[in-house]
Structure formats: C-alpha cells, structure tokens
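What follows is a predicted structure for the sequence shown.
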Amino acid sequence: MYLAEADVVIVGVGPTGLSAALAVARKGRSAVIVDSGEDQSVGSRAITIHAGTLRVLEQLGCVERILAEAAKISAMQTRNPRSVLSTARFDSLPGKYPFAATLPQTRTQALLRAAANEAGVRFVPGRAVGIEQDDGGATVALEGGATVRGRFVIGADGMHSTVRVAVGIGYPDTGGSRGDHENMVLADVVPSGPVDRSRAIFLTARSGVLGLVPLPLGRLRVIANLADGARADTVDAVQRLIDERWQPVANGGRVRIEEVVWSARFRFRHHLADSFRAGRVLLAGDAGHVHSPAGGQGMNLGIRDAWYLASTLAAATDAEDSGRPADVEPLLDAYAANRRAVAAKVIEATNQIGRVMFVPTPLRPFLHLAFRAAALAGASQKQALALSGILDTGPHTLLEPVQVP
Ligand SMILES: Cc1cc2nc3c(=O)[nH]c(=O)nc-3n(C[C@H](O)[C@H](O)[C@H](O)COP(=O)(O)OP(=O)(O)OC[C@H]3O[C@@H](n4cnc5c(N)ncnc54)[C@H](O)[C@@H]3O)c2cc1C
C-alpha cells in the first residue's frame with residue numbers, strides 16, 4: 001500500500017526538486033514531492049539567477065514573478081585595488097534576458113513552491129531512507145515505514161543525497177583548487193552611502209578577496225575570505241571588511257553597514273556523481289554535482305537540470321504509454337550524459353575562478369598582465385556567455401538555441 005503514487009516522485013524540496021516537480025506537472029504528468037523538512041531555515045544562500053536559467057523559469061511559468069522581486073545587474077567586474085582587470089558584461093548578452101537577476105534563494109524557492117502548488121504538485125512530508133526498483137518503476141521507502149511509488153524517481157535531495165547512496169552511485173571529490181582551505185564568509189547587509197547597484201564586483205586586495213553583489217530591497221551580498229573560525233555576522237565585522245578592502249578603492253564616500261540580515265560560512269567543495277542515472281532513478285542538482293559558488297552557478301545548474309530532466313521524463317512516459325518502450329533508454333541516457341558533461345565543465349570553470357582569486361601575491365602582477373591581454377582578446381565576453389548558461393540547451397537541444405553573433 002503506497003502513501004502516494006505518481007508518474008514522477010521527486011525527493012527534495014530545494015530549488016531543483018521544486019523546479020522538477022513544477023515542470024512535470026506543467027507537462028501534464030503527475031508529480032509527488034517528498035521532503036524531510038530539515039532544510040527550512042538555511043537562508044539566503046544562492047542569489048544569482050543567470051539568463052539561461054531565466055529562459056528555463058519562463059518555461060516553468062515563473063519568470064515574471066521572480067523578476068518582479070529581483071534586482072538586475074548588468075556586469076561582473078574583477079579588479080585589484082588600483083584597476084579594473086576585466087568586466088563580463090551581461091547587458092550585451094544575446095536573447096531576451098541581457099542581465100543577471102539577484103534574489104535570495106529563500107524567495108526563489110518560495111515562488112517556485114507557490115507555482116508548484118498551483119500546478120497541482122502533491123507535497124508529502126517524509127525522509128527517504130531507501131529505494132527499490134523493478135521493471136515498471138521505483139518505490140521510495142520513507143522513515144516510519146510508508147512508501148511512495150513513481151514510474152521514475154528524481155533524486156534532488158542535495159549534496160548528501162540519500163537517493164544517490166541508495167542506488168549505489170559514487171560522488172568522488174573531483175580534485176581541489178587554490179582557495180579550498182579558505183574560510184569563506186557571506187553576509188547579506190543593508191548598506192548606506194555610495195553603493196554601485198549596477199554590477200557585481202570581485203576584488204583581490206592585499207588582505208584578501210571581497211565580493212559585493214547588489215540584492216533587492218537595497219541590500220548587498222558581501223563575500224570574503226577570513227581567518228579560520230572568523231565570521232561576518234555583526235555590523236562591526238562586515239564594516240571592518242569594507243573599510244579594509246573596499247574603502248581604498250571606492251569613490252565618493254564611505255559605505256556604511258547598517259544591518260546584517262543573514263550570514264553564513266562555507267568552504268569550497270567539488271564533487272561529481274559517477275553517473276546521473278541508475279535505472280529509473282535519476283539525479284539532478286547538488287545530488288549530482290557540487291562546486292564553489294564562484295560565478296553563482298550551483299542553483300542555476302540545478303534548475304536547468306530539473307527542467308531538462310522533467311522534459312526527458314515526460315517524453316519517456318509518453319513513449320511507454322504509446323507502446324514505444326525502446327525509446328526510453330536512449331532518452332534517459334542522453335539526459336545523464338549531457339548533465340554530467342555540463343556539470344564537469346562548470347566544476348572546472350569555478351575551479352579556474354578560484355585559482356585566479358587566490359593567486360599567491362608574488363604572481364599577481366603576471367596574472368594582471370594576463371587578464372589585460374585576455375580582455376583584449378574578448379575573454380570577458382566569453383566569460384559572460386559561459387556564466388549566463390544561455391548556451392546550455394540540454395540534451396536534444398530542449399531549448400531553442402540563442403543566436404550568438
Ligand atoms: C552557505 C551557502 C551559500 C551558498 N551560496 C551560493 C551562491 O552564492 N550561489 C550558488 O549558485 N549557490 C550557492 N550555494 C549552493 C546552493 O544553495 C545549492 O546549489 C542549491 O541549494 C542546490 O539546490 P538543490 O535543490 O539541488 O539541493 P538543496 O537545496 O540542498 O535541497 C535538497 C532538499 O532535499 C531535502 N532532503 C535531503 N535529504 C532528504 C531525504 N533523505 N529525504 C527527503 N528529503 C531530503 C532537504 O530537506 C532539502 O530540502 C550555497 C550553499 C550554501 C550552503
């Protein structure tokens with residue numbers, strides 16, 4: 001006796017699971033989403049939503065409500081205290097979204113959840129503890145003995161995925177990059193004074209790195225490395241960072257920190273699942289890949305995985321229902337191969353950003369020369385294109401390709 005049954009069971013109610021469930025429902029298939037509820041208070045986390053993900057959110061019927069709340073940034077600038085090294089301009093991206101949107105992950109999730117409710121997704125509280133598969137589907141066992149069954153199951157249960165472990169897929173560390181030992185701090189703050197709200201800025205100062213990303217409601221995300229154990233969870237701690245690393249560079253007066261709304265610490269991690277598929281169980285989001293947040297790629301990749309997977313599973317259930325079971329395997333394999341390859345590239349790209357951000361001081365002049373030469377060769381625009389994700393059109397080019405001039 002199953003607690004719930006659906007075409008697709010999704011484990012995990014993060015941005016990936018919500019996007020997957022919403023997409024399945026919008027494609028006319030039934031979706032049940034199971035969540036243990038342990039991640040309710042994790043806060044702002046991922047803030048950047050890139051153009052390629054906005055294209056997917058448009059398919060999910062969510063882009064207007066997200067853009068109604070989000071701030072927009074036109075560029076990401078990399079600089080040292082004396083000069084700008086490169087500017088990746090989002091405002092010259094081809095397509096409908098020539099910018100990057102910023103919104104705390106909590107709001108993105110809340111808006112996705114509202115849309116999933118409206119689309120008829122069924123939410124089942126529970127912690128997945130195991131999975132059994134047969135020819136017709138997969139049954140997820142929940143703590144306490146209940147079960148939920150789907151023709152397909154999506155593991156969107158994050159980095160420590162129970163689904164991935166239950167089906168025996170490995171998640172090896174893909175190897176480190178400079179900066180892995182760093183204690184990284186994040187703070188969403190209310191600033192006053194002259195804040196550039198048009199762009200994200202990443203600065204390598206003598207005392208460390210500093211990132212400033214505009215957020216809605218006049219807020220600012222501050223990102224920095226600090227000594228082990230230190231936090232940026234008080235006004236004084238963030239003000240010190242700004243005064244030490246940003247004030248020598250800023251024009252037009254002192255930026256003051258009025259309030260710290262949220263803060264967290266993390267270290268860079270990089271893992272890639274050995275496969276994104278085991279039979280009728282498929283992985284998406286952090287369950288399949290995790291990497292440094294440099295360039296704001298993690299949640300974006302998860303939302304795009306989710307939409308491509310839901311589209312794949314809609315096609316697979318159609319194939320089964322219309323007596324074409326032989327079409328199913330190639331569809332599932334194409335999803336798994338495409339998303340693993342895209343994730344591997346993103347991991348390498350974010351490691352590369354880490355290598356640049358944490359280059360040892362004696363090598364910085366050489367790096368800065370290299371930056372200038374690369375900027376002349378158009379590397380900044382290639383970076384904007386890569387970060388935007390607009391060329392990530394999924395397996396079988398599920399999204400219309402954007403024409404790049
Ligand atoms: C401090 C911090 C800062 C970050 N900053 C950024 C950033 O600036 N930019 C960026 O792109 N990314 C950032 N990230 C990463 C980003 O938050 C993740 O990439 C994103 O949340 C992944 O979404 P997901 O849905 O795949 O997984 P998650 O958000 O981890 O969601 C997984 C869900 O599965 C549920 N779950 C887990 N196990 C089970 C189980 N056994 N049964 C049922 N449910 C289960 C959990 O309750 C949770 O709801 C940050 C992460 C952290 C921790």
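Alright, I've got the coordinates. Numbering: from 1, shown residues only.

name the element Leu111 belongs to?
When secondary structure is defined using DSSP states H and E, the element that contains Leu111 is helix 105-118.

what's the neighbour count on the residue of the stretch 301-405 of the chain found nearest the ligand?
Distances between the stretch 301-405 of the chain and the ligand by CB to the nearest ligand atom are smallest at Gly302, namely 4.0 Å. Where C-beta positions appear, they are placed from N, C-alpha and C, glycine not excepted. Burial of Gly302, expressed as a neighbour count using other CB atoms under 10 Å, amounts to 29.

these two touch, right, it and Gly14?
Yes. At 7.3 Å, Gly302 and Gly14 qualify as touching, with contact defined as CB atoms under 8 Å.

Mutual contacts of these two, please.
156, 285-286 (CB atoms under 8 Å, 6 or more residues apart in numbering).

of all those residues, which comes closest to the ligand?
Using CB to the nearest ligand atom, Gly285 is the member of the shared contacts of Gly302 and Gly14 that sits closest to the ligand, with 2.3 Å.

Give me the neighbour count for Ile303.
Other residues within reach of Ile303, judged by other CB under 10 Å, total 32.

surely it meets Glu58?
No. The criterion here is CB under 8 Å, and Ile303 misses it with Glu58 at 11.6 Å.

Just to check, Gly211 is in contact with Ile223?
Yes. Contact criterion CB under 8 Å: Gly211 and Ile223 qualify, at 3.5 Å.

Touching stretch 233-252 from outside, list them.
79, 81, 187, 189, 194, 203, 205, 207-210, 212, 222, 224, 226, 230-232, 254-260, 263.

Please convert the buried members of those into ChimeraX selection syntax.
Restricted to the buried members of the contacts of stretch 233-252, where burial is judged by 16 or more other CB atoms under 10 Å, the ChimeraX selection command reads as follows:
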select :79,187,189,203,205,208,209,210,212,222,224,226,231,232,255,257,260,263
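
among the contacts of stretch 233-252, which are in strands?
With DSSP state E as the criterion, strands contain 79, 187, 189, 203, 205, 208-210, 212, 222, 224, 226, 256-260, 263 from among the contacts of stretch 233-252.

Skipping adjacent residues, who's closest to Gln403 in space?
On the basis of CB to CB, 6 or more residues apart in numbering, the spatially nearest residue to Gln403 that is not a chain neighbour turns out to be Pro94, at 6.1 Å.

Quick check: that neighbour is in a helix.
No. Secondary structure of Pro94 (DSSP: H, G, I helix; E, B strand; the rest coil): coil, not part of a helix.

Ala227 contacts Met184, doesn't it?
No. Using CB under 8 Å, Ala227 and Met184 do not qualify as a contacting pair, with a distance of 11.8 Å.

Look at those two and report which has more neighbours.
Met184 (20 against 8).

so the more buried one bridges to which residues?
Bridge pairing for Met184 (DSSP bridges) gives the partners Asn225, Phe266.

Distance check, it against the ligand.
In this structure, Met184 and the ligand are separated by 9 Å, where distance is defined by CB to the nearest ligand atom, to the nearest Å.

Roughly how far does that residue sit from Arg267?
From Met184 over to Arg267 the distance is 7 Å, taken as CB to CB, to the nearest Å.

which sections of the stretch 301-405 of the chain are below the confidence cut-off?
Along the stretch 301-405 of the chain, the parts satisfying pLDDT under 70 run over 373, 376-377, 397.

show me where the stretch 201-350 of the chain has strands.
For the stretch 201-350 of the chain, the strands defined by DSSP state E, counting those that start in this stretch cover 208-214, 220-226, 256-266, 271-272, 277-278, 281-283, 289-290.

Tell me how the chain divides into domains.
Here the domain assignment for the chain is 4-74+96-175+270-396, 183-266, based on automatic domain parsing.

Which positions in the stretch 251-400 of the chain make contact with the ligand?
264, 266, 285-286, 293, 296-299, 302 (CB under 6 Å from any ligand atom).

which ones among these are found in helices?
For these, the ones inside helices are 298-299, 302, with DSSP state H as the criterion.

out of those residues, who's nearest Ala4?
Looking at these and their distance to Ala4, the nearest is Gly302, at 23.4 Å (CB to CB).

In contact with the residue nearest to that closest one when sequence neighbours are not counted, which residues?
With CB to CB, 6+ apart as the measure, Gly285 is the residue that lies nearest to Gly302, at 3.2 Å, once sequence neighbours are left out. Neighbouring residues of Gly285 by CB under 8 Å, 6+ apart: 12, 14-17, 156, 158, 301-303, 305-306.

do that again at 6 Å, thanks
The contact partners of Gly285, taken as CB atoms under 6 Å, 6 or more residues apart in numbering, are 16, 156, 302, 305.

would JSON lines of the strands of the stretch 201-350 of the chain with mean pLDDT and distance to Leu385 be doable?
Compiled in JSON lines, those are given as follows (pLDDT from 0 to 100; distance: least, CB to CB, whole Å):
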{"stretch": "strand 208-214", "mean pLDDT": "95", "distance to Leu385": "19"}
{"stretch": "strand 220-226", "mean pLDDT": "95", "distance to Leu385": "23"}
{"stretch": "strand 256-266", "mean pLDDT": "95", "distance to Leu385": "27"}
{"stretch": "strand 271-272", "mean pLDDT": "96", "distance to Leu385": "23"}
{"stretch": "strand 277-278", "mean pLDDT": "98", "distance to Leu385": "29"}
{"stretch": "strand 281-283", "mean pLDDT": "98", "distance to Leu385": "27"}
{"stretch": "strand 289-290", "mean pLDDT": "96", "distance to Leu385": "20"}
